[in-house]
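**Student:** Sharing a model prediction with you, sequence too.
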Amino acid sequence: MNFTTILVNDRNVSGGLVRTITLNRPERRNALSPEMQAELIAAMEQAARDRCRVLVLTGAGEAFCSGLDLAVLRSMTDASETDHRAHAANVARMFRTLYELPLPTIAAVRGPAIAGGTGLATICDFTLATTTAKFGFTEARIGFVPALVSAFAVLQMGDKRARDLLLTARIFDAEEALRLSEELEDRQGRADSLRALGEMAHLHGEDGRPLARAYYGRARALYEELGFALTAQTMVLAL
């Protein structure tokens, strides 16, 4: 497949095929344009069909991802409610595809991961961040409601912590992200984390369906949250 806003690279390891998707709009700090959203969905779905063992998501340049492209959002000021809902549905599909992907996912974060960028990093099963990484659901600072990403934030980190980050819209670093996470452990370093992921890859069946992911029955809660979030997002965009 040919892409213009992302890069796709493969690496064979003992556990199978590791695919890396790089958000490749460094001049826009890898902002999620509609084209990038569509390409990211297509690339993730292809990774599942190719039975990749692990998917790594990262960003080109000095940022991981700055969230939705504000230039696109500004251009939709006079758009109809139908157009706003279609746009929100595409964003929701991108997040949902990543969340439901039938293989382990890793966000390799260097530099800012802001708004929807924090959403991508949060949704991934594992987040590896350098000391330059910065996170934040900053939508409220510009009068925007992070309705879609909030559905996943609540599922991944719990209601109380999600409210703190979504309502304060504050920036936090990798060290605080580690403390905030209920599921992350203070590992011995990146090498040990990657080694553990490699060992986990051997647990997968030949059909490529991770046994560990099959354990979690999260779909019903997700769709309930996402349905409400999609409606809320559409209403806010149409104001």
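**Tutor:** Perfect, I can see it now. A quick note: this is a predicted structure, and the numbers were derived from the prediction, not measured.

**Student:** Going along the chain, name the strands of the chain.
**Tutor:** When assigned using DSSP state E, the strands of the chain occupy the ranges 6-13, 16-23, 54-59, 105-109, 112-114, 126-129, 134-136, 172-173.

**Student:** would you turn those strands into JSON lines with distance to T82?
**Tutor:** From N, CA and C alone the C-beta is placed, and that goes for glycine too. Formatted as JSON lines, the strands of the chain follow (distance: least, CB to CB, whole Å):
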{"stretch": "strand 6-13", "distance to T82": "28"}
{"stretch": "strand 16-23", "distance to T82": "28"}
{"stretch": "strand 54-59", "distance to T82": "31"}
{"stretch": "strand 105-109", "distance to T82": "32"}
{"stretch": "strand 112-114", "distance to T82": "29"}
{"stretch": "strand 126-129", "distance to T82": "35"}
{"stretch": "strand 134-136", "distance to T82": "31"}
{"stretch": "strand 172-173", "distance to T82": "37"}
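
**Student:** any chance of the ones you listed in JSON lines, with mean neighbour count, mean pLDDT and distance to D69 too?
**Tutor:** Output for the strands of the chain, formatted as JSON lines (neighbours: other CB atoms under 10 Å; pLDDT from 0 to 100; distance: least, CB to CB, whole Å):
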{"stretch": "strand 6-13", "mean neighbour count": "13", "mean pLDDT": "95", "distance to D69": "14"}
{"stretch": "strand 16-23", "mean neighbour count": "20", "mean pLDDT": "96", "distance to D69": "12"}
{"stretch": "strand 54-59", "mean neighbour count": "24", "mean pLDDT": "97", "distance to D69": "14"}
{"stretch": "strand 105-109", "mean neighbour count": "23", "mean pLDDT": "97", "distance to D69": "19"}
{"stretch": "strand 112-114", "mean neighbour count": "25", "mean pLDDT": "98", "distance to D69": "12"}
{"stretch": "strand 126-129", "mean neighbour count": "22", "mean pLDDT": "94", "distance to D69": "23"}
{"stretch": "strand 134-136", "mean neighbour count": "23", "mean pLDDT": "97", "distance to D69": "17"}
{"stretch": "strand 172-173", "mean neighbour count": "16", "mean pLDDT": "96", "distance to D69": "23"}
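
**Student:** Of those, which is nearest M76?
**Tutor:** Taking CB to CB, strand 112-114 is the member of the strands of the chain nearest to M76, at 19.8 Å.

**Student:** so what secondary structure elements neighbour the closest one?
**Tutor:** Taking 3 or more CB pairs under 8 Å, 6 or more residues apart in numbering; DSSP states H and E as the contact definition, the neighbouring helices and strands of strand 112-114 are strand 134-136.

**Student:** Remind me what the strand it packs on packs against, helices and strands.
**Tutor:** Packed next to strand 134-136, using 3+ CB pairs under 8 Å, 6+ apart, are strand 112-114, helix 116-123, strand 172-173.

**Student:** With distance to G158 as added columns, please give these in a markdown table.
**Tutor:** Converted to a markdown table, these look like this (distance: least, CB to CB, whole Å):
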| stretch | distance to G158 |
| --- | --- |
| strand 112-114 | 20 |
| helix 116-123 | 12 |
| strand 172-173 | 16 |
